[in-house]
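Visitor: give me coordinates for this.
(chains A, B, C and D)
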There are 2 protein chains.
Amino acid sequence: MDNEKAFVKRFFQAGVAQPEKLDMIASHFHEKRIDKHDHLLLEGKTSQEYMLLESGFMRAYSLDTAGNEVTTAFYDAGQPVFDVASFFMHTPSKESIQALSPCKGWVITFNDLNTLFHSLPEFREVGRGILVKGFVALKLRMQSMITETAEARYAMLLQSNPEILMQAPLKHIASYLGITDTSLSRIRRELSKQHK
Amino acid sequence: MDNEKAFVKRFFQAGVAQPEKLDMIASHFHEKRIDKHDHLLLEGKTSQEYMLLESGFMRAYSLDTAGNEVTTAFYDAGQPVFDVASFFMHTPSKESIQALSPCKGWVITFNDLNTLFHSLPEFREVGRGILVKGFVALKLRMQSMITETAEARYAMLLQSNPEILMQAPLKHIASYLGITDTSLSRIRRELSKQHK
DNA sequence: CCCACTTCTTGTCATATGGCAAGTAGATTG
DNA sequence: CAATCTACTTGCCATATGACAAGAAGTGGG
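Guide: Down below sits the predicted model:
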């Protein structure tokens, strides 16, 4: 039984050796489907769910002081999806998380996650690893934001995450890169010239 | 005894109730002093120490692709100081951490920290809280980098962390804000005009 | 006390990017 | 199928910021 949760178990397999513990972990996750354009989390609500995305494509975004949407993250299949601040601090979220394609994932509540966290050392290690990796990725992005031109940042994204560019609309990619859609359109033109 | 470690105990007091546990935590920390301009961590080395800064002022910085220093963080007295990536993943650090004034702090090794982490639930909670808060702060900074002008970012920093502006040289503040020292100098001039 | 060094300012000019508006082409909906 | 939308591109001009260089003022070491 619980073979449908193979995805969840696979996610923790590298960090958790014993099958019984994997079963215990998997038992706390529940399937969740989100239609395209629907939300996993809305700004203002307090996040209750930590989701492992099995299939689909999502983004997180918030509103800047002028009321414009700023895309803060893209999530591919295989990744954990949640708002760190709201989920761990039980505060109303400053961002929303939206499906850009039909999504299927597995969710766990804060309490259940905390129970696992405190009862399974291996689970803690995996959890800490996820936080640390997210932190490191964000720092890299910040450094690139400070030191590189928008064109260079786009080119890097093109190399490292081509799926994003295939699936996300230009305006989301643009705000993720910190520029306007107009500028990104021009950057694309420049880059395509060079490729000829 | 160990009363000199009052600072360490005070740091964990809010999260750890029992005095014996505070003693146990404090016993793993060792005093460390760093002269002005000396380093807690050098790029390329693997971080071995997690430090609580009791007094002094520090910064973290790394080199961009063109070889310019980029200041990535400032640390005031009372804050934990360490490179998340290097300390937790045991990888060579991509940044250096330097004292901008004579510093005194308390350090703990990764192994000792991990022991506490796995044996004291309260310690884990505090540890996770530190990571989460750092994450949230970095996200806010990223959002501000994307949506606000350098002048607005400087004005905000001026409000939230005036100590930084008092103690750090202009060029470090500038690269922290993602601009050149030249631009920051001009921004200062503009702001001082307005104040008249 | 002097010399070198760093810090900060300022000028001139170049460039990356934004704001706004128009236009095309697809996609979506009633 | 017409009527809207949304996504993307492009042009024109404005502006924020960078690059480089010079100079003033402060700082530290011998």
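
Visitor: any low-confidence regions in chain A?
Guide: For chain A, the stretches with pLDDT under 70 are A:1-2, A:194-196.

Visitor: so what's the residue nearest to the spatial centre of it closest to, chain neighbours aside?
Guide: The centroid of chain A falls nearest to residue A:75 when counting by CA atoms, centre = their mean (3.6 Å). With CB to CB, 6 or more residues apart in numbering or on different chains as the criterion, residue A:75 has its nearest non-adjacent residue at 4.3 Å, and that residue is residue A:58. Heads up, the C-betas are built off the backbone N, CA and C, glycines and all.

Visitor: equivalent analysis for residue A:56, please.
Guide: residue A:103 (3.0 Å).

Visitor: could you chop chain A up by domain?
Guide: A:3-146, A:148-196 (automatic domain parsing).

Visitor: by contact count, what packs against the helix or strand containing residue A:185?
Guide: For residue A:185, the host element (DSSP states H and E) is helix A:181-194. Applying 3 or more CB pairs under 8 Å, 6 or more residues apart in numbering or on different chains; DSSP states H and E, one finds that helix A:181-194 contacts helix A:150-160, helix A:170-177.

Visitor: so which bits of the shortest one are buried?
Guide: Going by neighbour count (16 or more other CB atoms under 10 Å in any protein chain shown), the buried part of helix A:170-177 is A:171-177.

Visitor: re the thing from before, next, count neighbours for the residue nearest to residue A:56.
Guide: 24 (other CB atoms under 10 Å in any protein chain shown).

Visitor: relative to residue B:118, which of the domains of chain A is closest?
Guide: domain A:3-146 (5.5 Å; CB to CB).

Visitor: enumerate the residues of chain A near DNA strand D.
Guide: With CB under 7 Å from any atom of the strand as the criterion, chain A meets DNA strand D at residues A:169-171, A:181-182, A:184-186, A:188-189.

Visitor: go again using 6 Å as the cut-off
Guide: A:169-171, A:181-182, A:185-186, A:188-189 (CB under 6 Å from any atom of the strand).

Visitor: close to chain B: what parts of chain A are there?
Guide: Neighbours of chain B within chain A, by CB under 8 Å from any CB of the partner chain: A:62, A:64-66, A:68, A:70, A:72, A:84-85, A:88-89, A:117-118, A:121, A:124, A:128-129, A:131-132, A:134-136, A:138-139, A:141-143, A:145-148, A:175, A:178.

Visitor: apply 7 Å and report the result again.
Guide: A:62, A:64-65, A:70, A:72, A:84-85, A:88-89, A:118, A:121, A:124, A:128, A:131-132, A:134-136, A:138-139, A:141-143, A:145-147, A:178 (CB under 7 Å from any CB of the partner chain).

Visitor: so which of those belong to helices?
Guide: Applying DSSP state H to the residues of chain A next to chain B, the entries found in helices are A:84-85, A:88-89, A:118, A:121, A:124, A:128, A:131-132, A:134-136, A:138-139, A:141-143, A:145-147.

Visitor: what's the ChimeraX line that selects buried ones from those residues?
Guide: Here is the ChimeraX command that selects the buried residues among those (16+ other CB under 10 Å):
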select /A:84,85,88,124,128,131,132,134,135,136,138,139,141,142,143,145,146,147
